[in-house]
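Peer 1: Need a 3D model of the following:
(one chain, ligands or ions: 1)
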Amino acid sequence: MSMEPRMLKEGFARLENSSDKAMSYFYGRLFAANPRLRALFPVALDAQRDRFFHALNRIVWSQDNPDDLACHLARLGRDHRRYGVTAEHYAAVEDALLATLRVFARDVWSPRAEEAWTNAYRSAAAAMAEAAERDAGAPPWWAAEVVEHDRRADDLAVLTLSPERPLPFAPGQYVTVQTSRWPRVWRPYSIANAPRSDGRLRLHVRARPGGWVSGALVRDTGTGDTVLLGPAAGTMTLDPDSGRDLLLVAGGTGLAPIKALAEQAVAPGRRRDVRLLVGARTERDLYDLSDLRLLESVYPWVRVLPVLSDEPDFRGLRGTPADVLTDVLADLLEDADGRDDPWDGLDAYVAGPVPMVRRTVAALQRLGMPLKRVHHDLLRAEE
Ligand SMILES: NC(=O)C1=CN([C@@H]2O[C@H](COP(=O)(O)OP(=O)(O)OC[C@H]3O[C@@H](n4cnc5c(N)ncnc54)[C@H](O)[C@@H]3O)[C@@H](O)[C@H]2O)C=CC1
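Peer 2: The predicted structure is shown next:
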């Protein structure tokens, strides 16, 4: 390993040892030197601190993996467009970050460490600014009117949004959302439909305990309200050249991107066998089943299979999606008997709670499915 990445890791390890204090010091320095910057950040900084720390962590640990680093920085740069970030802000953050390192990493600090951090920071900032610049023609955010607010449970709503201008996206992607109740707080939600001619987007939102945006979207938002949406992002999209059958696995509101993929898969001219496993706790939690049954009745090659984890008397599939994969796959791969590689004809997509996604991906791998055919894009629920 060259000296520079090692110095970055050493310095970062010192910040990690007292991450809360180091981040408080960092924001204190930043706002003391640039009071006007405070207005760009949410009132409460806790989540912001975490996010900055994770971004820094990723930058430090990806130094040895330039492709991953470039991808990460490009996404960060594009994301920052919605905050109105300028070159002057990057310079202010550099000063505050170096000041923080001088204090919290003093035992490993040296002119060479200072140079390594300055170079790494400037090249990261330049990559972010470049990605933002490349996107300069597209809006940083869209205002969207809530045209339907369907409260399907005490803590769950399906929102239909009409953006003021067309918002391009691919099924399986997500947008970030800001509500008027929590300025400058953005949270990601998967889009639950394939693109429609009226440009509308659907979101499935479960209010989390302590979840600012999810609570506001479920409980304090109604028809006629406006929310802001960031550009669509995410890589869990269908391979446009693939006509392979699909195993779609959803847990809870992870159904949103999975439903968008199912809608795309049944688009005219296509006929792919689709098995859609819908993991939920109880029958009452199958909040979108009537819509899914409609899809199934129109396209008989789609089969919707609810799997309930907390309903011992349920007559259908019980457990979590990972528990029922063997039988579902046996059925899907039945026609693959003649192929050299039975997995050649199948793609899998998984979305839902992080542990559920992990277990499902691990189970598919155990059953022999090559990982390059298993797609997921973890979105974490709000803490
Ligand atoms: N792109 C993505 O991956 C997306 C992920 N999500 C995430 O999906 C989650 C949905 O939450 P809820 O609707 O409250 O779901 P939930 O907590 O009610 O769980 C739904 C189902 O997931 C499975 N599951 C849950 N915990 C599990 C565990 N530890 N191990 C194995 N299986 C488990 C079970 O089948 C359960 O019935 C949120 O965390 C949200 O952030 C939501 C949208 C998109």
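Peer 1: for G199, phi and psi?
Peer 2: Main-chain dihedrals, G199, degrees, to the nearest 10: phi 70, psi 10.
Peer 1: Count the residues that sit near it.
Peer 2: By other C-beta atoms under 10 Å, 15 other residues sit near G199. Where you see a C-beta, it was placed from the backbone N, CA and C, and this is true even at glycine.
Peer 1: residues contacting it?
Peer 2: Counting by C-beta atoms under 8 Å, 6 or more residues apart in numbering, G199 touches 162-163, 166-167.
Peer 1: And these, which two are furthest apart?
Peer 2: S162 and P166 (10.7 Å; C-beta to C-beta).
Peer 1: Could you list the low-pLDDT ranges of the chain?
Peer 2: Along the chain, the model assigns pLDDT under 70 to residues 1-3, 269-270, 336-338, 379-383.
Peer 1: Now with 80, please.
Peer 2: Residue ranges of the chain with pLDDT under 80: 1-3, 47, 268-270, 335-340, 378-383.
Peer 1: Select the longest strand from it.
Peer 2: Taking DSSP state E as the criterion, the chain has its longest strand at strand 142-153.
Peer 1: Report whether it contacts the ligand.
Peer 2: No. Strand 142-153 stays clear of the ligand (C-beta under 6 Å from any ligand atom), getting no nearer than 9.9 Å.
Peer 1: sorry, back to before: of S162 and P166, give the one with the bigger neighbour count.
Peer 2: The residue with more neighbours, out of S162 and P166, is S162; 15 against 9, by other C-beta under 10 Å.
Peer 1: can you map out the strands along the stretch 251-383 of the chain?
Peer 2: Remark: strands assigned in the stretch 251-383 of the chain by DSSP state E, counting those that start in this stretch are 274-280, 302-308, 317-318, 346-351, 374-376.
Peer 1: Enumerate every residue touching the residue in the stretch 251-383 of the chain that the ligand sits nearest to.
Peer 2: Relative to the ligand, the nearest point of the stretch 251-383 of the chain is G252 (2.1 Å; C-beta to the nearest ligand atom). By C-beta under 8 Å, 6+ apart, the residues touching G252 are 206, 279-281, 285, 352-353, 356.
Peer 1: okay, these in a markdown table with neighbour count and distance to the ligand next?
Peer 2: Formatted as a markdown table, the contacts of G252 follow (neighbours: other C-beta atoms under 10 Å; distance: C-beta to the nearest ligand atom, whole Å):
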| residue | neighbour count | distance to the ligand |
| --- | --- | --- |
| R206 | 19 | 5 |
| G279 | 29 | 3 |
| A280 | 23 | 5 |
| R281 | 14 | 4 |
| D285 | 21 | 6 |
| G352 | 27 | 4 |
| P353 | 17 | 4 |
| M356 | 21 | 3 |
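Peer 1: For stretch 323-332, output the C-alpha coordinates as CSV.
Peer 2: Presented in CSV, the C-alpha positions along stretch 323-332 are these (Å, rounded to 0.1, in the frame of the first residue of the first chain):
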residue,chain,number,x,y,z
ASP,A,323,-37.4,-20.1,3.7
VAL,A,324,-39.5,-20.9,0.7
LEU,A,325,-37.0,-20.4,-2.1
THR,A,326,-36.2,-24.1,-2.7
ASP,A,327,-39.8,-24.9,-3.8
VAL,A,328,-40.3,-21.7,-5.8
LEU,A,329,-37.1,-22.1,-7.7
ALA,A,330,-37.8,-25.8,-8.4
ASP,A,331,-41.0,-24.7,-10.1
LEU,A,332,-39.3,-21.8,-12.0
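Peer 1: Pairing partners for the helix or strand hosting A250, with directions?
Peer 2: Assigned by DSSP states H and E, A250 belongs to strand 245-251. Partners of strand 245-251 in the sheet, by DSSP bridges, are strand 274-280 (parallel), strand 346-351 (parallel).
Peer 1: okay if I get these as a markdown table plus distance to V175?
Peer 2: Shown next, in a markdown table, are these (distance: least, C-beta to C-beta, whole Å):
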| stretch | distance to V175 |
| --- | --- |
| strand 274-280 | 23 |
| strand 346-351 | 15 |
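Peer 1: so which of the ones you listed gets nearest N34?
Peer 2: strand 346-351 (39.3 Å).
Peer 1: and G230, what is it in contact with?
Peer 2: With C-beta under 8 Å, 6+ apart, G230 has these contacts: 79, 82, 140-141, 175-178, 186.
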